[in-house]
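Engineer: Sequence isn't available, so here's the structure alone:
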């Protein structure tokens, strides 16, 4: 089920304005293009397409996939969107749509919270297997996941996260985050959005799974991927791990 923040058309339309600083993606652009030298990529959980379009602007052959049709529609309306192959669905749907005799992509990416939205172990394994299938032999999966020991959710309070942003054609839009439950590795939080222009409030609820590093490495191996590096996220040191896992050649 797609969270409202990504699947509701009105929320999807203001997502970029409310999350305007995407300098975190520059780290992954450097890994994909400069470090790995990729010429093709599959971006799982592409959302409104910011990262997929960054890679396409660097000359990569890019496919973006996301189950949230409203977010993909926003991506498709952006300048340069014709350079990206957009797929509404899960990762295996993108693999099927992109199976036109190609040997696989150089890189598969899961940035931001994408890797943590898969709560069930079987669902998580399925997306990793789909990523492996999408990769060419020797290709690399790049993903990030928050370090559970850091307990980032303790900072997700209304006082710390509330913002009011002037959005073109919408006026002032207010949002905040509030944690509503912590159950082991699962953290659930609400993300209300209020459109001041007409007083509309749309609530969205998200649950993320904070898997420990050992569990993520074990799941990558179970999916047939070789972990080649686990590094501290350079833009958020001590907060996230960046995993690079290769499909054996």
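Structural biologist: Sure thing, it's come through. This one's a predicted model, so the numbers in the text were calculated from it and none came from an experiment.

Engineer: Show me the contact partners of stretch 82-97.
Structural biologist: If you take C-beta atoms under 8 Å, 6 or more residues apart in numbering as the criterion, stretch 82-97 is touched by 42, 44, 46, 49, 52-53, 56-57, 62-69, 72, 75-76, 98, 126-127, 130-131, 133-134. Where C-beta positions appear, they are placed from N, C-alpha and C, glycine not excepted.

Engineer: again, 7 Å this time
Structural biologist: Contacting residues not belonging to stretch 82-97 are listed as 42, 44, 49, 52-53, 56, 62-67, 69, 72, 75-76, 98, 127, 130-131, 133-134 [C-beta atoms under 7 Å, 6 or more residues apart in numbering].

Engineer: Also stretch 161-179?
Structural biologist: Taking contacts as C-beta under 7 Å, 6+ apart, the residues outside stretch 161-179 that touch it are 14, 17-18, 153, 156-158, 187, 189-197.

Engineer: pLDDT averaged over it, what's the number?
Structural biologist: Per-region confidence: stretch 161-179 scores 97 on mean pLDDT.

Engineer: Just the helices from the chain, written as ranges.
Structural biologist: Defined through DSSP state H, the helices belonging to the chain, from first to last, are 4-7, 9-18, 24-29, 50-57, 69-76, 91-97, 121-134, 158-161, 213-222.

Engineer: out of those, nearest to residue 229?
Structural biologist: With C-beta to C-beta as the measure, helix 213-222 is the member of the helices of the chain nearest residue 229 (11.0 Å).

Engineer: ok, and what's touching the closest one?
Structural biologist: Counting by C-beta under 7 Å, 6+ apart, helix 213-222 makes contact with 124-125, 128, 145, 227, 230, 241, 243, 245, all of which sit outside it.

Engineer: how does it look with 10 Å?
Structural biologist: Judged by C-beta atoms under 10 Å, 6 or more residues apart in numbering, the contacts made with helix 213-222 from elsewhere in the structure are 115-116, 118, 121, 124-125, 127-129, 131-132, 141, 143, 145, 147-149, 185, 209, 211-212, 225-227, 230, 241, 243-246.

Engineer: Out of those residues, which end up buried?
Structural biologist: Burial by neighbour count, judged by 16 or more other C-beta atoms under 10 Å, picks out 115-116, 118, 124, 127-129, 131-132, 141, 143, 145, 147-148, 209, 211, 225, 241, 243-246 from these.

Engineer: quick revisit: mean pLDDT lowest for which of the helices of the chain?
Structural biologist: Mean pLDDT per stretch puts helix 91-97 lowest among the helices of the chain, at a mean of 72.

Engineer: for this structure, longest strand please?
Structural biologist: Of all the segments assigned as strand in the chain under DSSP state E, the longest by residue count is strand 135-146.

Engineer: In terms of secondary structure, what does that strand contact?
Structural biologist: In this structure, strand 135-146 packs against helix 24-29, strand 40-44, strand 105-110, helix 121-134, strand 205-209, helix 213-222, strand 226-232, strand 240-246, with contacts taken as 3 or more C-beta pairs under 10 Å, 6 or more residues apart in numbering; DSSP states H and E.

Engineer: List the buried residues in it.
Structural biologist: Of all the residues in strand 135-146, those buried under the rule 16+ other C-beta under 10 Å are 135, 139-146.

Engineer: Now that strand: average pLDDT?
Structural biologist: Strand 135-146 carries an average pLDDT of 98.

Engineer: partners of it in the sheet?
Structural biologist: Pairing partners of strand 135-146, with direction, according to DSSP bridges: strand 105-110 (parallel), strand 240-246 (antiparallel).
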